[in-house]
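Enquirer: Quick one, fold the following:
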Amino acid sequence: MMLQKVKEWEALVLLMANILALDQATRTTGYTVLKDGQIITVSHFTCKGDDLGDRLEQLRNKVQELIKEYDIDEVVFEDIQLQDVNGNRETGITTFKMLAEAFGVVHELLTELNSGFL
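Expert: Purely as a prediction, here's the structure:
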């Protein structure tokens with residue numbers, strides 16, 4: 001019973017929060033902004049260039065801009081998983097590594113900003 005009450009309280013708090021939900025990638029990242037449980041915007045941004053480090057920096061900067069622009073309280077981002085890409089395990093491993101780096105960059109930013117993340 002107590003666990004249910006905690007979950008209800010957490011859900012209520014999230015309904016009153018400004019949330020940035022990310023479907024992060026190293027090229028095109030989708031995002032949704034929710035304020036008080038209502039969708040404010042659904043969009044995406046593209047990181048340009050061939051160098052992964054440059055794209056990760058662009059990802060970090062854009063997420064930081066969104067956090068400031070929408071006064072974000074919590075950030076939710078998609079977990080990563082290892083998958084074969086068109087039956088090719090090697091490509092899946094490479095993609096997984098890049099997504100892990102993107103996850104790490106966003107996580108580091110949130111730690112720096114002392115922001116919450118789910």
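
Enquirer: start to end distance for stretch 28-42?
Expert: This stretch, stretch 28-42, spans 13 Å end to end (CA to CA, to the nearest Å).

Enquirer: Would you mind listing the buried residues in it?
Expert: Thr29, Tyr31, Thr32, Val33, Leu34, Lys35 (16 or more other CB atoms under 10 Å). Backbone N, C-alpha and C define where each C-beta goes, glycine included.

Enquirer: repeat for stretch 71-80
Expert: Residues of stretch 71-80 classed as buried by neighbour count (16+ other CB under 10 Å): Ile72, Asp73, Glu74, Val75, Val76, Phe77, Ile80.

Enquirer: ok, the third one touching Met16?
Expert: No: with the criterion set as CB atoms under 8 Å, Glu74 and Met16 do not qualify as a contacting pair; they are 10.7 Å apart.

Enquirer: so which pair among the buried residues of stretch 71-80 is furthest apart in space?
Expert: Across these, the longest distance by CB to CB is 23.5 Å; it joins Asp73 and Ile80.

Enquirer: before we move on, the earlier item: tell me which of the buried residues of stretch 28-42 is nearest to Glu65?
Expert: Once CB to CB is applied, the member of those that ends up nearest Glu65 is Tyr31, at 11.0 Å.

Enquirer: Lowest mean pLDDT among the helices and strands, pick that one out for the chain.
Expert: Lowest mean confidence among the helices and strands of the chain (mean pLDDT, DSSP states H and E): helix 2-15, at a mean of 51.

Enquirer: following it, which helix or strand shows up next?
Expert: Going down the chain from helix 2-15, the next helix or strand is strand 18-23, by DSSP states H and E.

Enquirer: For the helix or strand following that next one, name the packing helices and strands.
Expert: Next helix or strand after strand 18-23 toward the C-terminus (DSSP H and E): strand 28-35. Where contact means 3 or more CB pairs under 8 Å, 6 or more residues apart in numbering; DSSP states H and E, strand 28-35 is packed against strand 18-23, strand 38-46, helix 52-69.

Enquirer: Contacts only, for Arg27.
Expert: Arg27 makes contact with Thr46, Cys47, Arg55 under the criterion CB atoms under 8 Å, 6 or more residues apart in numbering.

Enquirer: All set, thanks.
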